[in-house]
Every structure is written in structure tokens, then in C-alpha cells.
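Q: here is the input, now give the coordinates:
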Amino acid sequence: MGLRICGLTIVRNEEDIVEASIRHNLGVLDALTVVDHGSDDATSSIVEGLRAEGLPIDLVREEAIEYRQSAVMDAHARRILAGGADLCCPLDADEFLRVPSRADLERAAGQAGPTRHLAVPRYTCCPESSAPATSWPACVADVARRSDATPASR
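A: Numbers count the residues shown, from 1 in each chain. A predicted model of the protein is given here:
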């Protein structure tokens, strides 16, 4: 049996990107915890709709007024790992995991061991200037910051 790899993201007013991010990242992850920090747009209803479809999403509402990203992410990452995940991937709402395959990610995680961090290449994605805003992210053009797309341990 492979590793259980879960993601964790904190969101606020991300209705324009949250569905694409969740659908994409769950192509690699086993589950995703979404912490909503007071969204007042459609973000929460979009996440709830995806969960109603059967996607493995845990939606948590963070009602604190102050933005305590470090404390909130740390607490949820510890909860996810204590709940049986072998690896927890913290992500921003607009970050998309880009790995050659799930098997490559598992292999890199297995080689890293429990005391090392994994690093994946970062890419900047920009909408094509000629595309209408409503068609994003389908029209995204990748601009690689690094050419190596294989996860590595550090």
C-alpha cells in the first residue's frame, strides 16, 4: 500500500481559483483540508459543492479576526498527520502541485525519510494576454522557474 498524502490550504475570498486548485491537487493528493478564513464571497459554497460531489475535502472555518496563518496551518498539519497521513503538503489556494506522477512523489517522499522536507519546482502561471479573463485557468501559460519537474528532498 502506498503513502497517504494529504494537502492543507488556507483560503479567503478565492472563488476565482479555488475549484480549479482543489480539482487539480486532488489528482495527486488523497485528501485536502481547506481552512476558510472568513471568506465573504462564494469560496465556501464552492468548496461545499465539491465536497458534496464526493471529493475528499475537510472544510474548516476559521472565525478568528486576526490572521494567524502559522499557528492555524501548524495545528491542522499536526491533526492531519496524527489522523494517519504520511505526508502533509501545505499549499496556497493558487498553488497547483505539478509532479510527473503520484508514484514519483511517493518515491521522493520515501527516499527523503521522516526528518527531511520535500521541495518541488515552482512555476509561475500567467493568463495569456489575448484570452478573456473568464476562460482562465484553461488558458494558463506555464513559465518555468526551473526545468527539473521532479520532486526532490532537502
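
Q: tell me which stretches of the protein form helices.
A: For the chain, the helices defined by DSSP state H occupy 18-25, 43-52, 69-82, 102-112.

Q: would you mind finding the most buried of the ones you listed?
A: Ranked by mean neighbour count under mean count of other Cβ atoms under 10 Å, the helices of the chain are led by helix 18-25, which reaches a mean of 19. C-beta coordinates here come from the backbone N, C-alpha and C atoms, glycine included.

Q: which residues touch that one?
A: Residues outside helix 18-25 that contact it (Cβ atoms under 8 Å, 6 or more residues apart in numbering) are 7, 9, 11, 14, 32, 34, 43, 46-47, 50, 55, 57, 91, 93-97, 137.

Q: and for stretch 86-98?
A: Stretch 86-98 has contacts (Cβ under 8 Å, 6+ apart) with 3-11, 14, 17-18, 20-21, 24-25, 28-29, 73, 77, 80-81, 105, 109, 118, 120-121, 123, 125, 149.

Q: thinking again about what came up before, nearest to Glu63, of the helices of the chain?
A: Of all the helices of the chain, helix 69-82 sits nearest to Glu63, with 11.1 Å by Cβ to Cβ.

Q: nothing else from me, thank you.
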